[in-house]
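Participant: Predicted structure and sequence below. I'll ask about it afterward.
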Amino acid sequence: MSERPSVSIITPTYNHEKYIADCIDSVLAQSHPHWEQIIIDDGSSDRTGDIIYQYKDERIKYIRQENKGIWRLGETYNKALQLAKGDYIAILEGDDFWPPDKLELQLAALEDSAASLSWGKAKIVDHHGDVLEVFPKGIGHFMSLTKEQMLGELLFENPIASCTVICRKSALLSIGGFRQPPGLPYVDEPTWLQLCLIGGFLPINEILGCYRRHERQVTSSMKASMIKASRYSIDFFRGQPEEIKASVAGSFEGLYAKLDRKEKEYYYYAGRANMLEGRYGEANENFLKALFRGHPVLKAKAVIGIISNLCRVDMAWLDALAKRLK
């Protein structure tokens with residue numbers, strides 16, 4: 001085995017005692033042996049650390065830190081990045097796992113490519129490991145996109161599951177590491193957007209990771225932040241130099257019209273977020289913006305939002321109706 005790993009696997013974990021063994025076992029089962037796994041335990045209060053200590057493989061590095069939480073997730077990722085010795089960085093959170101040929105397949109593809117990041121399909125599994133769905137369903141759409149076209153896609157959706165990603169460490173370091181702007185409870189979308197500015201992405205039509213969907217305690221504040229974070233890509237694009245905006249717009253048909261629609265719809269979802277936080281005045285302001293600026297369907301949803309806000313009614317029931325109105 002090579003003394004120096006070709007790939008460093010970043011594994012942030014917190015209270016994953018039910019899943020961390022599956023995670024580590026899937027790394028140990030890799031057909032490509034030249035790796036290191038850097039596990040950063042964010043102050044787990046369960047048996048996560050005890051389980052990790054049972055593994056004696058020298059390629060597994062375990063670091064325990066005081067709890068920083070989701071709002072400082074970028075610090076945790078970048079702590080692992082600074083310790084990484086590999087030329088490539090892979091991401092595998094403590095409740096996710098990999099198929100055994102993931103590293104071999106993906107690293108070979110990257111060696112023959114100039115791409116800064118590679119990604120693929122992910123199995124979405126439940127807490128038992130049973131498959132719920134495959135994401136994204138249509139990865140073929142992304143197979144031949146230019147860098148500019150991919151950036152345009154990322155402005156409206158994030159089809160990239162983190163557990164499928166391997167990127168060049170040099171590319172990550174060139175953008176200052178993983179990105180987590182204030183108020184965003186994740187690092188993936190901001191990091192992918194920034195990386196897409198400097199290099200192409202290489203999609204692979206294979207299952208390259210398994211993402212675990214299980215019950216977690218998500219506070220109303222977290223839900224509100226996720227909704228309001230949906231505006232980030234709009235502000236990101238607007239903050240780019242004119243030549244970049246022109247290049248992306250020239251490669252992505254109807255870009256500005258789609259961004260305008262997304263911004264108008266944002267006001268409706270921001271109103272819902274404000275309601276979750278009990279900020280009813282701000283909720284009303286955002287619903288009114290959606291009402292006066294939106295398309296007919298958005299106007300109808302905004303009216304329902306205003307009524308619910310005035311009555312202080314929980315809008316969870318509106319999810320099904322909103323889907324029918326899309």
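Facilitator: The structure has been received and is ready for your questions.
Participant: so where is the stretch 1-150 of the chain shaky, pLDDT-wise?
Facilitator: Residue ranges of the stretch 1-150 of the chain with pLDDT under 70: 1-3.
Participant: where exactly do the helices run in it?
Facilitator: If DSSP state H, counting those that start in this stretch is used as the criterion, the helices of the stretch 1-150 of the chain fall at 20-28, 48-53, 73-83, 102-111, 147-154.
Participant: I'd like these as JSON lines, with mean neighbour count and distance to I227 appended.
Facilitator: Every C-beta, even on glycine, is put in place using the N, C-alpha and C of the backbone. Below are these laid out as JSON lines (neighbours: other C-beta atoms under 10 Å; distance: least, C-beta to C-beta, whole Å):
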{"stretch": "helix 20-28", "mean neighbour count": "20", "distance to I227": "29"}
{"stretch": "helix 48-53", "mean neighbour count": "18", "distance to I227": "30"}
{"stretch": "helix 73-83", "mean neighbour count": "19", "distance to I227": "18"}
{"stretch": "helix 102-111", "mean neighbour count": "19", "distance to I227": "32"}
{"stretch": "helix 147-154", "mean neighbour count": "20", "distance to I227": "19"}
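Participant: Could you dump the ones you listed into a markdown table with distance to R179 added?
Facilitator: A markdown table is the format used below for these (distance: least, C-beta to C-beta, whole Å):
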| stretch | distance to R179 |
| --- | --- |
| helix 20-28 | 24 |
| helix 48-53 | 26 |
| helix 73-83 | 7 |
| helix 102-111 | 21 |
| helix 147-154 | 13 |
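Participant: how's this structure carved up into domains?
Facilitator: 7-212, 220-325 (automatic domain parsing).
Participant: Please identify the most buried of these.
Facilitator: Each of those was scored by mean neighbour count; the highest is domain 7-212, a mean of 18, by mean count of other C-beta atoms under 10 Å.
Participant: Could you report the distance from the closest residue to I166 other than its chain neighbours to S162?
Facilitator: Distances taken as C-beta to C-beta, 6 or more residues apart in numbering place A90 nearest to I166, at 4.7 Å, with adjacent residues excluded. To S162, A90 is 10 Å away according to C-beta to C-beta, to the nearest Å.
Participant: and if you look at K228?
Facilitator: For K228, the distance to S162 - C-beta to C-beta - is 21 Å.
Participant: what do you get for L28?
Facilitator: Applying C-beta to C-beta to L28 and S162 gives a distance of 20 Å.
Participant: for K137, same thing?
Facilitator: Taken as C-beta to C-beta, the spacing of K137 relative to S162 amounts to 18 Å.
Participant: Also S45?
Facilitator: Taking C-beta to C-beta, one finds S45 at 24 Å from S162.
Participant: again, but for N205
Facilitator: 18 Å.
Participant: what does stretch 110-120 contact?
Facilitator: Applying C-beta atoms under 8 Å, 6 or more residues apart in numbering, the external contacts of stretch 110-120 come out as 88, 106, 109, 139, 160-161, 164-168, 171, 192, 195-196, 198-209.
Participant: who's in contact with stretch 172-186?
Facilitator: So stretch 172-186 is contacted by 70-74, 77-78, 81, 89, 187, 190-191, 194-195, 197-198, 222, 225-226, 228-229, 232 (C-beta under 8 Å, 6+ apart).
Participant: May I have it as CSV, with CA atoms only?
Facilitator: Below are the C-alpha coordinates for stretch 172-186, written out as CSV (Å, rounded to 0.1, in the frame of the first residue of the first chain):
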residue,chain,number,x,y,z
LEU,A,172,-10.8,23.5,-3.2
LEU,A,173,-7.8,25.3,-1.8
SER,A,174,-7.9,27.8,-4.7
ILE,A,175,-11.4,29.0,-3.6
GLY,A,176,-10.5,29.2,0.1
GLY,A,177,-11.9,25.8,1.0
PHE,A,178,-15.5,24.8,1.7
ARG,A,179,-17.9,27.7,1.7
GLN,A,180,-20.6,28.4,4.2
PRO,A,181,-22.0,32.0,3.9
PRO,A,182,-23.7,33.4,7.0
GLY,A,183,-27.2,32.0,7.5
LEU,A,184,-26.8,28.9,5.4
PRO,A,185,-26.9,25.6,7.3
TYR,A,186,-24.9,23.7,4.7
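Participant: so what's A21 up against?
Facilitator: Contacts of A21 (C-beta under 8 Å, 6+ apart): I51.
Participant: and with 10 Å instead?
Facilitator: T48, I51, I52, Q54, Y55, G94, F97 (C-beta atoms under 10 Å, 6 or more residues apart in numbering).
Participant: For the residues you listed, please prepare a markdown table with the additional fields distance to V125.
Facilitator: Below are the contacts of A21 laid out as a markdown table (distance: C-beta to C-beta, whole Å):
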| residue | distance to V125 |
| --- | --- |
| T48 | 19 |
| I51 | 19 |
| I52 | 21 |
| Q54 | 23 |
| Y55 | 22 |
| G94 | 14 |
| F97 | 8 |
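Participant: from the residues you listed, which single one is nearest Y19?
Facilitator: Checking the contacts of A21 against Y19 by C-beta to C-beta gives G94 as the nearest, at 6.4 Å.
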